[in-house]
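Trainee: Here you go, sequence then predicted model.
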Amino acid sequence: MIFPIYTYGQSILRDKAEDVDLNDVLLPSFIYDMFETMHNANGIGIAAPQVGLNKRIIVIEEEVTDGELFKGVFINPTILKYYGRMLLMSEGCLSFPGISENVVRPESIEIEWYDENKEYQRNFFHGVESRILQHEIDHLNGVLFIDKISGLDRLKMFMRLESIKNKKVTTTYQVK
Ligand code: CO
């Protein structure tokens, strides 16, 4: 099932998401639907609050380098450590159709999470993988990428943000 995606201006995107019960029987089908929704929207990552469920679940699928696929399900993820240089990279977001902006974030992270088999995982991520994870984990804490850009850049996109808020943008995927 493809979910409609919540866009900027809707309060669920600002809520802190709750921990997932790993034994929830609906979890596998929800994860499947999140992948389907993400693929349908040509996204590379999506967090459950973006499809209206205020739970700590992220799915990611992106070709990172030379056909190497970074694909994963991250349940109840926590960032344990940020490290490395601060890097500027362009980011977009399915909740902000038509907008991409440069965002500064630390290069690397160490995180812990549960995977789709309910297995505990802990690992380090760098580069694009770290970038996508930081963006998506922010969603679980009610933080959006526009919070991390300069005031001037935000001012420049003010009209665009207003049109998203007022549902005046066209998208190739269904929005809520
Ligand atoms: Co996003």
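Mentor: Yep, it's here. Residues are numbered from 1 along each chain as shown.
Trainee: partners of the longest strand along the chain in the sheet?
Mentor: When the chain is parsed with DSSP state E, its longest strand is strand 68-92. The pairing partners recorded for strand 68-92 under DSSP bridges are strand 57-65 (antiparallel), strand 100-114 (antiparallel).
Trainee: Grab the CA positions of the shortest one and hand them over as CSV.
Mentor: The one in question is strand 57-65. Only the C-alpha atoms of strand 57-65 are listed here, as CSV (Å, rounded to 0.1, in the frame of the first residue of the first chain):
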residue,chain,number,x,y,z
ILE,A,57,11.1,3.6,12.0
ILE,A,58,13.2,4.6,9.0
VAL,A,59,13.7,2.8,5.7
ILE,A,60,16.6,3.7,3.3
GLU,A,61,17.5,2.5,-0.2
GLU,A,62,20.0,4.3,-2.3
GLU,A,63,22.7,3.5,-4.7
VAL,A,64,25.7,5.1,-3.0
THR,A,65,28.7,4.4,-5.2
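Trainee: picking that back up, quick check: which of the strands paired with strand 68-92 is nearest to residue 143?
Mentor: Minimum separation from residue 143 across the strands paired with strand 68-92 (Cβ to Cβ) falls at strand 100-114, 11.3 Å. For the C-beta atoms, the positions are set from N, CA and C on the backbone; glycine is no exception.
Trainee: could you say what helices and strands the helix or strand following the closest one packs with?
Mentor: Per DSSP states H and E, the first helix or strand lying C-terminal to strand 100-114 is strand 120-125. Contacts defined by 3 or more Cβ pairs under 8 Å, 6 or more residues apart in numbering; DSSP states H and E place strand 120-125 against strand 100-114.
Trainee: Let me know how buried the residue nearest to residue 70 when sequence neighbours are not counted is, in neighbour terms.
Mentor: Leaving aside its chain neighbours, residue 70 sits nearest to residue 64 (4.7 Å; criterion: Cβ to Cβ, 6 or more residues apart in numbering). When neighbours are counted by other Cβ atoms under 10 Å, residue 64 registers 14.
Trainee: returning to that earlier point: kindly present the strands paired with strand 68-92 as a markdown table, with separate columns for mean pLDDT and distance to residue 39.
Mentor: Shown next, in a markdown table, are those (pLDDT from 0 to 100; distance: least, Cβ to Cβ, whole Å):
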| stretch | mean pLDDT | distance to residue 39 |
| --- | --- | --- |
| strand 57-65 | 93 | 7 |
| strand 100-114 | 96 | 19 |
